[in-house]
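J.: My questions are about this predicted structure, shown below with the sequence.
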Amino acid sequence: MFHRKFTILFILTGIIGWYGISSGVIDLESLVPTEEIPEGWALIEGPQIYTKKTLFEHIDGQAELFFKYGFQKSIFAIYQNLKVQENQIELDIYDMGNVLHAFGIFSRFRSEDRPMGVGLDSFLDGSSALFYKGKYFVMLYATEPNPSLLKEWAMKISLRILDHSALPKEIGYFPKNGLKPGSIQYFPEGLLGYQFLKRGFQGTYIEKVEVKDEVEDKAKVKDGDETKTETKEFHLFLAIFKNSQEAMKALRIYRDDLFKKGKIDIAIPTQLGANALKGEDPYQGKVITVQKGPYLLGVVGFEKEKDGEDRLVEFMKNVR
Amino acid sequence: MIGRRKFIKTISSALLGIAAPNILKVRSSLGKTEKTPNLESRTLGRTGLKVTAVSMGVMNCSDPAVLFRAFDLGINFYDTADCYMWGRNEEMVGKVFRGKREKVFIQTKVHPNIEKKMRASVERSLRRLRTDYIDVLLWHNHSFPEEVSDRGLFEFMEKMKKEGKTRFTGFSAHSHMASLLREAAKSNYHDVALVSYNFTHSRNLREAVVIAAQSGMGIIAMKTQAGGYKKERMGGLTPHQAALKYILMDQNVSAAVPGVTTIEQIEECAAVMGNSFTKGNLNSLKQYQSFLHGRICTMCGGCVGECPYGVPHHELLRLAMYHDGYENDSLVRESLQIVTRQEIPRCSRCMSCSVICRRGLDIREQMQLAQELLVRS
């Protein structure tokens, strides 16, 4: 009898333990290296926990941005080089509640594609390193540039994070062709600056356009101008709604908005189907958007019709 | 020079992921714009700058379209900071206002540090903002009166002024605003103060705002919406305009900088200008207050009295607020870990509580709730 009870207890403990590990339920403090730190360095401040109430004390008004991305709590620590005291590394680990929000806040801080191979995605430059893994967003800042040390530190922290959630599936919907590396971002509200588009993703694409440049000395060129190729950027976006009705509602609002403030083009490419809108947005430029299930996906700011349409059609195929 | 320009252009495009030339071209080709708000300008204290009463906190804004819209609406004062999104926020402001610099006022911030680093921070801000000067440079988030009256910090700002990097200076504060404003009013160290100020704040802060404004400081209000509203839980009530009008009724406030993220929000805020605070607005705010009244402690600091038995009511009220207001029990658990580590006296449930909430919150009931949370832990 005792043996049976012990077995049940053992199994239950195992299940709870497995659930805890798989869902990433870990103590934030355990993610901060306190002993396994590189030689010649010491923890001099923290770890200090910050909550929704106290985050302002740590990062001032920027706390609001973190709240929008589902901030739960964070931990902060400072390490110091024992030889050169001004040489310090600051560490912030943010629990953002889930992997989508962790990616979202990461995407707002990453300024370009400079991955270091840590976590689900990362960024490394001379004096800063960022990465996200599971629901955690990690920032490291060095007072003196030291990318190799920052990377080493980031890897140590990453190993401690047991949340192995996959990256948001929507990232994979964006066509690779022409995509500017590291440009996909997630916004929890106000996609393209519009309240009605709510939350969603945006990626930047490059197109080559021909521009006519006036030549200063017209005598040198007969017709007074010459043609050059210039790269320009446009965006694909994916607005996410609760259901297809909500997505259709947003499409109608966008149509009304363009009617009032921009232009509507009635020549919609046939492959986009009936629930599509084409026109010119006063602030975003040329736009084509289409409803597919709970999504509104679209392209904005393109110059060449074909580039925009082709990319949108490819995008539509990817979205399931 | 051309190389540098091209470099900045390339970098900014890379950083922002926007195609400003496209936007600008489209904007000029489309003539349709609907009615503009009745602009109301106020003088920003001793700076003499004429700023729009409703200005813009750019901090959380992610899309340049919102800034373009704000500019089209006539808004001329924009608040950003060096650290917002590691400088990307400043980059966006710089890109949007390229070619319009003289038509807008830009406020950004710097953190106290050694001079070399502060100087580098200001230089970085100038590069990102694509400008030779900042209109208002603030110390980011002062918390203690000693910081406000720090001679060394003042001297650094004076250097920045003399070198033409900024026209005016000041500080921002999220807490202890009243004492900071009173301290700042004693000297001429600061031209501007950016403070958290809304309809839930105490008379003490309102009085400090008057004193600071009378000393010549320009007062800019942030957090004017008192942390936002949960529309669903309040029967669709959205008292944003009412909250903004309320704070602008105080003529000591030169401008409010609500943090907006969408075109709709900036239009809603801008529409407040030139409109007086109506009975409807008052009702709207009253409804919101009654929603808060007796339900949630907003940590406004307006508690009167102290517990004779030393019960730390602030700590316990915070627990109750996390449970009832934020509905976030993980925060409760976290705070409990801190509270239970300390040996705090328990509430003895006196017949009447010595601590009184000026907003009518039943402190005794809140203590009881916090006590239950403690017991459960």
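T.: Arrived safely, thanks for sending.
J.: who in the stretch 51-200 of chain A is up against chain B?
T.: The stretch 51-200 of chain A has residues A:51-53, A:56-57, A:59-62, A:64-65, A:68, A:72-73, A:108-109, A:111-112, A:128, A:180, A:183, A:185, A:187, A:189-196 near chain B, with proximity defined as C-beta under 8 Å from any C-beta of the partner chain. The C-beta positions use only the backbone N, C-alpha and C, and glycine is treated the same way.
J.: Out of those, which end up buried?
T.: Among these, those buried by neighbour count (16 or more other C-beta atoms under 10 Å in any protein chain shown) are A:51-53, A:56, A:59-62, A:64-65, A:68, A:72-73, A:108-109, A:111, A:128, A:180, A:183, A:185, A:187, A:189-196.
J.: that older thread, quick one: which of the residues of the stretch 51-200 of chain A next to chain B sit in helices?
T.: Applying DSSP state H to those, the entries found in helices are A:56, A:57, A:59, A:64, A:65, A:68, A:108, A:109.
J.: wait, doesn't residue A:284 sit right on residue A:197?
T.: No: look at residue A:284 against residue A:197 with C-beta atoms under 8 Å: they stay out of range, at 10.8 Å.
J.: who's more crowded, the two?
T.: residue A:284 (28 against 25; other C-beta atoms under 10 Å in any protein chain shown).
J.: Tell me which two in the ones in helices among the residues of the stretch 51-200 of chain A next to chain B are the farthest apart.
T.: A:57 and A:108 (21.3 Å; C-beta to C-beta).
J.: can you list the residues that contact whichever strand or helix holds residue A:89?
T.: Using DSSP states H and E, residue A:89 sits in strand A:88-95. Defining contact as C-beta atoms under 8 Å, 6 or more residues apart in numbering or on different chains, one finds that strand A:88-95 is touched by A:28, A:31-32, A:41, A:44, A:66, A:71-81, A:102, A:105, A:135-143, A:146, A:149-150, A:153, A:157.
J.: Stretch B:141-157 now?
T.: Here stretch B:141-157 makes contact (C-beta under 8 Å, 6+ apart) with A:56-57, A:60-61, B:112, B:115, B:118, B:137, B:139, B:166, B:169, B:171-176, B:179-180, B:182-184, B:186-187, B:189-190.
J.: Can I get that stretch as PDB, trimmed to CA atoms?
T.: Written as PDB, here are the backbone C-alpha positions of stretch B:141-157 (Å, rounded to 0.1, in the frame of the first residue of the first chain):
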ATOM      1  CA  ASN B 141      13.600  61.100 -13.900                       C
ATOM      2  CA  HIS B 142      14.900  63.000 -10.900                       C
ATOM      3  CA  SER B 143      13.700  61.500  -7.700                       C
ATOM      4  CA  PHE B 144      15.300  63.500  -4.900                       C
ATOM      5  CA  PRO B 145      15.400  67.200  -4.100                       C
ATOM      6  CA  GLU B 146      19.200  67.000  -3.900                       C
ATOM      7  CA  GLU B 147      19.300  66.100  -7.600                       C
ATOM      8  CA  VAL B 148      17.100  69.100  -8.500                       C
ATOM      9  CA  SER B 149      19.500  71.500  -6.700                       C
ATOM     10  CA  ASP B 150      22.700  69.700  -7.800                       C
ATOM     11  CA  ARG B 151      25.100  72.500  -8.800                       C
ATOM     12  CA  GLY B 152      27.300  70.100 -10.900                       C
ATOM     13  CA  LEU B 153      24.300  69.000 -13.000                       C
ATOM     14  CA  PHE B 154      23.300  72.600 -13.400                       C
ATOM     15  CA  GLU B 155      26.700  73.500 -14.700                       C
ATOM     16  CA  PHE B 156      26.700  70.800 -17.300                       C
ATOM     17  CA  MET B 157      23.400  72.000 -18.600                       C
END
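J.: can you give me how far that stretch is from the chain middle?
T.: Computed by C-alpha atoms, centre = their mean, to the nearest Å, the chain-centroid distance of stretch B:141-157 equals 19 Å.
J.: Likewise for stretch B:364-377?
T.: A distance of 32 Å separates the centroid of the chain from that of stretch B:364-377, by C-alpha atoms, centre = their mean.
J.: got the CA positions of stretch B:268-275 in PDB?
T.: Extracted in PDB, the C-alpha atoms of stretch B:268-275 (Å, rounded to 0.1, in the frame of the first residue of the first chain):
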ATOM      1  CA  GLU B 268      -9.000  62.600 -30.200                       C
ATOM      2  CA  CYS B 269      -6.400  64.400 -28.000                       C
ATOM      3  CA  ALA B 270      -5.900  67.300 -30.400                       C
ATOM      4  CA  ALA B 271      -9.700  67.900 -30.500                       C
ATOM      5  CA  VAL B 272      -9.600  68.900 -26.900                       C
ATOM      6  CA  MET B 273      -7.900  72.200 -27.700                       C
ATOM      7  CA  GLY B 274     -10.100  75.200 -27.700                       C
ATOM      8  CA  ASN B 275     -12.900  73.300 -26.000                       C
END
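J.: So is it next to chain A?
T.: No: using C-beta under 8 Å from any C-beta, stretch B:268-275 never reaches chain A; the gap is at least 9.4 Å.
J.: Need the pLDDT of residue A:210.
T.: Per-residue confidence at residue A:210 stands at 76 (pLDDT).
J.: just to revisit the earlier point, in a markdown table, list the ones in helices among the residues of the stretch 51-200 of chain A next to chain B along with distance to residue B:348.
T.: Shown next, in a markdown table, are these (distance: C-beta to C-beta, whole Å):
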| residue | distance to residue B:348 |
| --- | --- |
| A:56 | 33 |
| A:57 | 32 |
| A:59 | 39 |
| A:64 | 39 |
| A:65 | 43 |
| A:68 | 42 |
| A:108 | 49 |
| A:109 | 49 |
